[in-house]
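Asks: Sequence isn't available, so here's the structure alone:
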DNA sequence: CGTTTTATCACGCATTTAGGGGGATTTTAA
DNA sequence: TTAAAATCCCCCTAAATGCGTGATAAAACG
């Protein structure tokens, strides 16, 4: 067990105490090694080519280039490196932005520090470690509103509109008359209090009707 | 610790062995209690009003009404009950369907059986427990394709098109000429090899360009 | 430093679509 | 057995769409 090739980590975090804390924690754990740690993205970007870590712990709140914007830059240099986000805040937009740009996991610093080791292992094993509250945010983003004012058919049609389909195409694919589709759309607009496809889509997505 | 009010659970699972196994496991754990277990959704639906469990363990592969279709029916009767999905298969569509309809967690039966207790506790605490592979599927669904053939501007415009905006509205909001927008859209169509908004949206979403 | 890509703007044209107005009828559920 | 939901009908005008064939300036790349 002792002489396995260790899992290599780089830390990008501006708070020196946290940076050193994590470095110590990881380095004193068997089979894990911190190759380097940086207090900002700029420094990290020039050195990462040499470090070639398997996992990067990336803070979100950083001076200069923010953690979120660092993700694509890092992925450019090291496409196979797993990026684990670290944050104190649980801002929804940050979560989805980071995931969209390619982060593989998302941890809050309030987590038990030992969890960081589990998370590093999990991400190397192809998993997607998340703190409990982050998982909740992610799962909740899938939940549809059960109190939609739209009927089943109206919802169906609005979904097709959101897919960019014309009224006539919707009619053909649903085997109903164009006039029926128009009628449904009229009712949708009244219910959502809008006067265009754009606003209907926006309103429906905001309220998670679709 | 011993005389806390226990967390109440109902199991809906057709395999008798698994059903009894989970029931035994949960009932022999302090502070957890299985109120009832059912081998199909139909039976469960008529009794759930009396059971009023905090958590339901719901199998996906069931005879008659499938687990996925059971979710909205259960939510109708008991809107506050947390639903944890159980499955042997890790079918992507099932995962997203279940989450969309309101499942709060998703576990594979291959998980260590003790994890089920942790998951029940986590969901009651407002979390969203997932097996590692499920978390991976969920997180991956957010990842955008880094090899998009579209330029930044083209991607921007295609996103607006996917939001249902007209070319002229896009032009106004981006402070560019309608002709410029038309030009971009033409290039998008060529690159994606499509001839309509609908197909452009579909192609872009399929490949995660947007 | 030169070449390519990207972003910008131009004009015309045939065809379809969108949104709104006013209805009616038939299924489906409560 | 009512109410809600889904279906279909006709009219209208302004706007949008997709495609053709361009040009020019700015940015990025090697």
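Replies: Structure received. On a predicted model such as this, the values are computed, not experimentally measured, just so you know.

Asks: any chance you could map the helices in chain A?
Replies: A:16-27, A:41-51, A:67-77, A:92-101, A:115-124, A:132-140, A:152-162, A:167-174, A:178-192, A:197-206 (DSSP state H).

Asks: Now those in a markdown table, please, with extra columns for distance to residue B:123.
Replies: For every residue, glycine as well, the C-beta is placed using N, CA and C. Listed next are those as a markdown table, based on distance: least, C-beta to C-beta, whole Å:
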| stretch | distance to residue B:123 |
| --- | --- |
| helix A:16-27 | 29 |
| helix A:41-51 | 37 |
| helix A:67-77 | 29 |
| helix A:92-101 | 20 |
| helix A:115-124 | 19 |
| helix A:132-140 | 10 |
| helix A:152-162 | 27 |
| helix A:167-174 | 37 |
| helix A:178-192 | 33 |
| helix A:197-206 | 26 |
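
Asks: Now for the nearest residue to residue A:123 once chain neighbours are set aside: which residues touch it?
Replies: Once flanking residues are discounted, residue A:123 sits nearest to residue A:82: 4.5 Å by C-beta to C-beta, 6 or more residues apart in numbering or on different chains. Contact analysis of residue A:82 by C-beta atoms under 8 Å, 6 or more residues apart in numbering or on different chains lists A:54, A:55, A:56, A:104, A:105, A:123, A:124.

Asks: quick one: the second one and residue A:11 touch, right?
Replies: Read that as residue A:55. No: using C-beta atoms under 8 Å, residue A:55 is not in contact with residue A:11, being 9.6 Å away.

Asks: which neighbours do these two share?
Replies: If you check residue A:55 and residue A:11 against C-beta under 8 Å, 6+ apart, no residue is contacted by both.

Asks: what domains does the record give for chain A?
Replies: A:7-140, A:152-206 (automatic domain parsing).

Asks: From residue B:138, how far off is the most centrally placed residue in chain A?
Replies: Central residue of chain A (C-alpha atoms, centre = their mean): residue A:99, 2.3 Å from the mean position. Plainly put, residue A:99 is 9 Å away from residue B:138 if you go by C-beta to C-beta, to the nearest Å.

Asks: Tell me who's in contact with the closest residue to residue A:146 other than its chain neighbours.
Replies: Distances taken as C-beta to C-beta, 6+ apart place residue B:75 nearest to residue A:146, at 6.3 Å, with adjacent residues excluded. Residues counted as contacts of residue B:75 (C-beta under 8 Å, 6+ apart) are A:146, B:81, B:83, B:101, B:102.

Asks: Can I have the buried ones of those as a ChimeraX selection?
Replies: To isolate the buried subset of those in ChimeraX, counting by 16 or more other C-beta atoms under 10 Å in any protein chain shown, use the following:
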select /B:81,83,101,102
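
Asks: of the contacts of residue B:75, closest to DNA strand C?
Replies: residue A:146 (14.4 Å; C-beta to the nearest atom of the strand).

Asks: about what we covered before: turn the helices of chain A into TSV, columns for distance to residue B:69 and mean pLDDT.
Replies: Output for the helices of chain A, formatted as TSV (distance: least, C-beta to C-beta, whole Å; pLDDT from 0 to 100):
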stretch	distance to residue B:69	mean pLDDT
helix A:16-27	46	94
helix A:41-51	47	88
helix A:67-77	38	87
helix A:92-101	29	93
helix A:115-124	32	94
helix A:132-140	19	95
helix A:152-162	14	98
helix A:167-174	21	97
helix A:178-192	24	98
helix A:197-206	23	98
